[in-house]
Each structure stands twice: as C-alpha cells, then as structure tokens.
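J.: next one to model:
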Amino acid sequence: MNERHIAPADQAGTLRSLSDRLTETPRMSAGSNKAARVLSVTSGKGGVGKTAVVSNVAVALGRMGKKVLIIDADLGLANIDVVFGLAPQYNLNHFFSGQNSLTEILVDGPAGIKILPAGSGVQKFTRLDAAQKIHLLDDLEMLPGDYDVVLIDTEAGISENVTYFNQAAQDILVVTTPEPTAITDAYALMKLLSSQYHEKRFNLIVNSVRHMDEALDVYRKLTMVSNRYLDISIDFMGGIPFDRKMYESVRQQKVMVELYPGSRVSLAFEKLAAKLVSAAHQSEPKGSLQFFWKRLLSLGGSGS
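T.: Next comes the predicted model:
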C-alpha cells in the first residue's frame, strides 16, 4: 500500500464524513465503560529524561496491575524501544507508509505493558498531515486491549506533532530539570499550548534533583511567572532524584524500577505512578480513552 495523499477538496469531504463518527460507539474496547487515563509526557527541550519518566512509570504501573500502552510519538528520533532493549521488526514509520497496521506493530514490554514503537531518521513523518491523522485514528480504534493508562511520549520542543498529541491527551505532564534553560523551555511550551491551543492545566515533574527543595523551587518559579503572565494552573507531581545509576540503567537497556528496585529513584517513580492513577482530580478530565481516539479526528483538519 502506498502512502496516501488526499487532495484539498477530497480531504474536506473526508473530514466532514468522518466527523459524523464522533457520535458513534467506539469500536475499541467494545462493551467496556472503563475510563482510561491518557497522558502526554512532554518537554520544552531534549535531555531532561522525559523518556526515562515514561518507561519507568509504565513499568511501575504494570507492576501495580494496570494495563498500560505507550505510544512513542517522537516520530523522528524514537528511543522507547532502545530503553527497553527491544528490536521491533516494524514501527510507526511502516504504519504511516501503509505497510503495516498498528496491531502488527504493537510489541510487548516488561510488566505486561504494550508499546507502539516509532522509527528514527525519517523526516517526512515529523509533521503528520490530516490524512495520516485520520489513518492513525482508524487503527487506534481497532487496537486490542482495554487499557487503564495510555502514555504518549512526545518529542521535545514545540513542533506541530508535539502540540497535536498534547491537545489530544487527557492530561499533560511537563518534564523539566533544575537547569535554567530547561525551565525556560518548559515555560515556553506551556505558554504556547495555553495561548494558541487553550490548554489551561499542566502537571509538572522535575527530574534530576539533588533534593526535594530543589524540585519545589523550580515549581515555585514556574508558578510565579505563570501566575503573572498566563491563565493556567500547574500541579506539582513530584521530583525524581539524580542518580548516576540512571546511566547504568540506560547502558543495560533496563529501566531503574527493574534494575535497582528499592532505590530512591525507583521509589520516586513508583510514587509518581501511584499519583497519576489516583482517583482525585482537581479539575474535570478532557475525556476517556475513547474520547482520546475521537479527539484525534476532531484535530485532524489542523495539519493538512
């Protein structure tokens, strides 16, 4: 199957037709009313440990008995599969090229988690067009499984794919470190999502901290400037301690919660995982797992 291209007139008709499906019963997880948490994990800059947060939290959730799906949404420089020591035969590049379905791409990770791996080094998929977003929606709805948590590992920065997946997610988790450049870029990402895409609620994770006061200081700085210039709320989800064992974890291609259970870092990831699935929400979520799939369609027309 060749990569699909839809002319503007045909694309508009296709979007109108598919928009009617917003009121239809989702095919995925038929018969289940369970509301999943759909979380985008994002950052203003690279190198802050975003993928480490995704992978460790996913395994911690799996060990808690939760059914977890990771979507590697870094479509140009993917590395979730590398973190887990996996060598998938197919990835999302094959999907967007029309060679494989998402079900054929889906791979097993540790603790029962499922992963949709992305590819690397293919620039043409770093900006999804409307046809590709519709194609993604169609196959996401057909995925087997009844997930408790979906974690979307976005690329770093403020690209169109980043804003797209952050809009579609139920909750946005911004990962930063105490470095001034990381803090500045985290603020810039929240500013963009707030001013141009009307996102008003964010969750903050501060990685590589020497002590919890350092994490709280980053939270206070971001809250202070946001209160002055932006109409948003930021919830502090916690800090992850700096530990040189993280380098060993990456080298061995095993996550910290597996390789060093009981360490301060692993305990911090487990605490974060428990917090993410807690029943207490300060504001109403944007939707269930099924709403996430449908929301992908409603955003589909923005990237033609």
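
J.: can you give me the helices in the stretch 51-200 of the chain?
T.: Here the stretch 51-200 of the chain has its helices, by DSSP state H, counting those that start in this stretch, at 80-83, 92-96, 102-105, 130-142, 160-168, 180-197.

J.: and of those helices, who's closest to Tyr260?
T.: Nearest to Tyr260 among the helices of the stretch 51-200 of the chain is helix 80-83 (14.8 Å), distances taken as Cβ to Cβ. (Glycine included, C-beta is placed from N, CA and C.)

J.: buried sites along that closest one?
T.: By neighbour count with 16 or more other Cβ atoms under 10 Å, helix 80-83 contains the buried residues 80-81, 83.

J.: again, but for stretch 84-93
T.: Going by neighbour count (16+ other Cβ under 10 Å), the buried part of stretch 84-93 is 84, 88, 90-93.

J.: going by distance to Lys254, which of those residues wins?
T.: Among the buried residues of stretch 84-93, and counting by Cβ to Cβ, the member closest to Lys254 is Phe84, at 7.8 Å.

J.: right, and that closest one touches Gly109 too?
T.: Yes. In this structure, Phe84 is within contact of Gly109 by Cβ atoms under 8 Å, at 5.2 Å.

J.: where do the contact lists of those two overlap?
T.: By the contact definition Cβ atoms under 8 Å, 6 or more residues apart in numbering, Phe84 and Gly109 are jointly contacted by Ile115.

J.: in the stretch 1-150 of the chain, where is pLDDT below threshold?
T.: Applying pLDDT under 70 to the stretch 1-150 of the chain picks out residues 1-35, 120-126.

J.: residue boundaries of the strands in it?
T.: Assigned by DSSP state E, counting those that start in this stretch, the stretch 1-150 of the chain shows strands spanning 37-42, 68-73, 107-108, 114-116, 149-154.

J.: and those strands as CSV, adding mean neighbour count and distance to Val218?
T.: What follows is the strands of the stretch 1-150 of the chain, written out as CSV (neighbours: other Cβ atoms under 10 Å; distance: least, Cβ to Cβ, whole Å):
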stretch, mean neighbour count, distance to Val218
strand 37-42, 25, 16
strand 68-73, 26, 25
strand 107-108, 15, 35
strand 114-116, 24, 30
strand 149-154, 25, 20
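
J.: now render these as JSON lines, adding distance to Gln99.
T.: What follows is these, written out as JSON lines (distance: least, Cβ to Cβ, whole Å):
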{"stretch": "strand 37-42", "distance to Gln99": "26"}
{"stretch": "strand 68-73", "distance to Gln99": "17"}
{"stretch": "strand 107-108", "distance to Gln99": "16"}
{"stretch": "strand 114-116", "distance to Gln99": "15"}
{"stretch": "strand 149-154", "distance to Gln99": "22"}
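
J.: so which of those gets nearest Val265?
T.: When those are compared by Cβ to Cβ, strand 37-42 sits nearest Val265, at 16.6 Å.

J.: given the closest one, what are its sheet partners and their directions?
T.: If you go by DSSP bridges, strand 37-42 pairs up with strand 149-154 (parallel), strand 171-176 (parallel).

J.: quick one: which of these has the weakest pLDDT on average?
T.: Of all these, the minimum mean pLDDT falls on strand 149-154 (a mean of 93).

J.: just the CA trace of that strand, in PDB.
T.: Backbone C-alpha positions of strand 149-154 (Å, rounded to 0.1, in the frame of the first residue of the first chain) are rendered in PDB as follows:
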ATOM      1  CA  VAL A 149      -3.300   4.200  31.200                       C
ATOM      2  CA  VAL A 150      -2.000   5.400  27.800                       C
ATOM      3  CA  LEU A 151       1.300   7.200  28.000                       C
ATOM      4  CA  ILE A 152       2.300   9.300  25.000                       C
ATOM      5  CA  ASP A 153       6.000  10.000  24.800                       C
ATOM      6  CA  THR A 154       6.100  13.200  22.600                       C
END
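
J.: need the contact partners of it.
T.: Contact with strand 149-154 is made by 36-43, 50-51, 54, 57-58, 61, 66-74, 80, 161-162, 165-166, 168-169, 276-277, 289, 292, as judged by Cβ under 8 Å, 6+ apart.

J.: run the chain-centre distance for that strand.
T.: Centroid displacement of strand 149-154 relative to its chain, using Cα atoms, centre = their mean, to the nearest Å, is 3 Å.

J.: got it, and stretch 268-275?
T.: Offset of stretch 268-275 from its chain centre (Cα atoms, centre = their mean): 16 Å.
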